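Colleague: My questions concern the predicted model and sequence given below.
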Amino acid sequence: MTLKANFTHNFARLGIALLIALVAMCGDKAFAQSTAGANGANEVGLNAAATDKEVSKKGASENKAESKSEAKTNSTEMAKIIEALEERVRQLEARLAKMESAQTADVAAAKATAPAVEKADDVAEIKKEVAAIQEEAKKDAGVHNFFRGVELSGLVDGYYGYNFNHPDNNFNTGRNFDFRHNSFNINYAEVVLEKKNDLKDRLGFRLDLGFGPTADWVHSVDPVGGEVVKHIQQAYLSYVAPVGSGLTVDVGKFVTPHGAEVIETKDNFNYSRSFLFSYAIPYYHTGVRAKYSFNDKASLTGFLVNGWNNFTDNNGGKTYGVSLGLTPTKRLAITENYMAGPEQPNDNKHWRHLTDTVVTYLASDKVTLMGNFDYGKETLSSGTTAYWTGFAGYLRYAFTNRLAFAPRFEIFDDHDGFTTGTAQTLKSLTLTQEVKLSNKLLTRFEFRRDMSDKDFFSKSFGRLVQNQNTLLIGLSYSFSTREQ
């Protein structure tokens, strides 16, 4: 529109200029013709009356005066015409200026409106995309909410051990997990997925996958066969029922509540496991457990499981258990466990009983004391009763948050040789120096002396002796997404 207006404006000016030039040319022609007429008259007067010079001169003067007067009149009229035309031009220019101003305002308004329209279109498109994303998110909301609180953790644990007895098979007698003499070993690798639950978020689960010699050993006597379940240390679903403060029910495979020690090295005071852990208690159970916390000082857990260390039951009976947890003060914790049920293959009549007590006392910010007592008995199919009992005492002194010393002393009486294969009394002294290289990397230097009142420990050349001494350095790396 601006180009068109400029063209119109320029064309009008060109027409006016041409008109003015035409008028000017006409005026000049009239003036020329008038002057030419006067000159002709003078020439005729001279030829006709050459003798009367005065009359001719007078006539010529009068004609010249008249021609000048007519020319003057024509010039005045021309000036008026030009003045009128110039006024008209000024009016046309003023009108064109108003038209251009209006057009400029329209263009500016159009430019101002166009971005607003484009922006409105963009906003509408973004809203459509957001709505589509929200709709898609709603479809997966249930799955996302369930896994939002899942913790991923794990560990890798290895050691080098040396046995001064130099056993022929390079196998340390009576040990759990630190089996090998004069060898670098990967003890255990574990990956854990866990979703904790409560009354607000009732459904949870835990899955522990384990690999290495420890996994093989723990499942070596399972009736279903170790190869089938050895990599599944724990696998259970958990639900918090809305009963009082919350009744937590777990269904699946889980580690035993008995004992002061656990399978994961990093969660113990020492690297090696005690005789009580090796011989007095089970490793795991498969079944159902339900826990109710009365308050922050007392809780009660009930168990209904297949039995000791079996993924599937080896008889038609079930094993029952109960666990009482007490925390009288922030420094004192007491756990009392009891479990009973038939454990012999295809025998529902003869039961095994186990009572296990663990007391932990935080004497100071640096000193922790712990004691573990076990008593077990089983009525055999022959009608005789076998029993075993043991005690382990622990001390941990933390010099700093990265340096600690932990001695352990224990005594285990396998009165009838039911758990160790030899009727004997075992004793052990363990000295462990712990150094935390970082929050995730833990190393332990350990000396241990084992003793028996019978020839029980392997020595070179096929001999059995009453003691063994070992040195060990262990390294454990662990991680957890909860720490991030």
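Modeller: Received it, and whenever you're ready, just let me know what you need. Keep in mind the model is a prediction, meaning the values are calculated, not measured. Numbers count the residues shown, from 1 in each chain.

Colleague: Tell me the buried residues in the helix or strand encompassing residue 251?
Modeller: Element membership of residue 251, judged by DSSP states H and E, is strand 247-255. By neighbour count on 16 or more other Cβ atoms under 10 Å, the buried set for strand 247-255 is 248-250, 252-255. All C-beta atoms are positioned from the backbone trio N, CA, C, and that covers glycine.

Colleague: Could you dump those into CSV with pLDDT and distance to residue 427 added?
Modeller: Below are the buried residues of strand 247-255 laid out as CSV (pLDDT from 0 to 100; distance: Cβ to Cβ, whole Å):
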residue, pLDDT, distance to residue 427
248, 98, 39
249, 98, 41
250, 98, 37
252, 98, 37
253, 97, 34
254, 98, 31
255, 98, 27
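
Colleague: out of those, who's nearest residue 347?
Modeller: When the buried residues of strand 247-255 are ranked by distance to residue 347 (Cβ to Cβ), residue 253 comes first, at 23.1 Å.

Colleague: need the contact list for the closest one.
Modeller: Applying Cβ atoms under 8 Å, 6 or more residues apart in numbering to residue 253 gives the contacts 229, 232-236, 284-286, 311.

Colleague: With residue 295 instead?
Modeller: Contacts for residue 295 were tallied using Cβ under 8 Å, 6+ apart; they are residue 245.

Colleague: Same question for residue 459.
Modeller: By Cβ under 8 Å, 6+ apart, residue 459 lies in contact with 165-167, 465, 468.

Colleague: wait, isn't residue 318 in contact with residue 343?
Modeller: No. If you go by Cβ atoms under 8 Å, residue 318 and residue 343 don't touch, sitting 10.8 Å apart.

Colleague: returning to what we had before: for the buried residues of strand 247-255, give me a markdown table that also has distance to residue 202.
Modeller: What follows is these, written out as a markdown table (distance: Cβ to Cβ, whole Å):
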| residue | distance to residue 202 |
| --- | --- |
| 248 | 9 |
| 249 | 10 |
| 250 | 13 |
| 252 | 16 |
| 253 | 21 |
| 254 | 18 |
| 255 | 23 |
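
Colleague: Looking at the residues you listed, which is nearest residue 197?
Modeller: Closest approach to residue 197 among the buried residues of strand 247-255 (Cβ to Cβ): residue 248, at 7.4 Å.

Colleague: what is the closest one paired to in the beta sheet?
Modeller: Following DSSP bridges, residue 248 is listed with bridge partners residue 240, residue 291.

Colleague: which residues of the stretch 251-400 of the chain score low on pLDDT?
Modeller: Within the stretch 251-400 of the chain, not a single segment meets pLDDT under 70.

Colleague: What are the boundaries of the strands in it?
Modeller: 284-293, 298-305, 319-329, 332-342, 351-362, 367-379, 385-398 (DSSP state E, counting those that start in this stretch).

Colleague: Give me the contacts around the fourth one.
Modeller: The reference is to strand 332-342. 257-258, 303, 305, 307, 315, 317-328, 348-362.

Colleague: again, only using 6 Å
Modeller: The contact list for strand 332-342 (Cβ atoms under 6 Å, 6 or more residues apart in numbering) reads 257-258, 307, 315, 317-327, 348, 351, 353-361.

Colleague: How about the first one?
Modeller: Outside of strand 284-293, the residues within contact range by Cβ under 6 Å, 6+ apart are 245, 247-251, 253, 255-256, 299-306, 311.

Colleague: what's around residue 268, how many residues?
Modeller: Other residues near residue 268 come to 21 when the count uses other Cβ atoms under 10 Å.

Colleague: Confirm for me that it is in contact with residue 261.
Modeller: Yes. If you go by Cβ atoms under 6 Å, residue 268 and residue 261 touch, sitting 4.9 Å apart.

Colleague: Provide the backbone phi and psi angles at residue 213.
Modeller: Here the main-chain torsion angles of residue 213 (degrees, to the nearest 10) amount to phi -60, psi -30.

Colleague: Give me the phi and psi for the nearest residue to residue 171 once chain neighbours are set aside.
Modeller: In this structure, residue 171 finds its nearest non-sequential neighbour in residue 179, 5.9 Å apart by Cβ to Cβ, 6 or more residues apart in numbering. Per-residue torsions, residue 179: phi -80, psi -40 (degrees, to the nearest 10).

Colleague: Okay then, goodbye and thanks.
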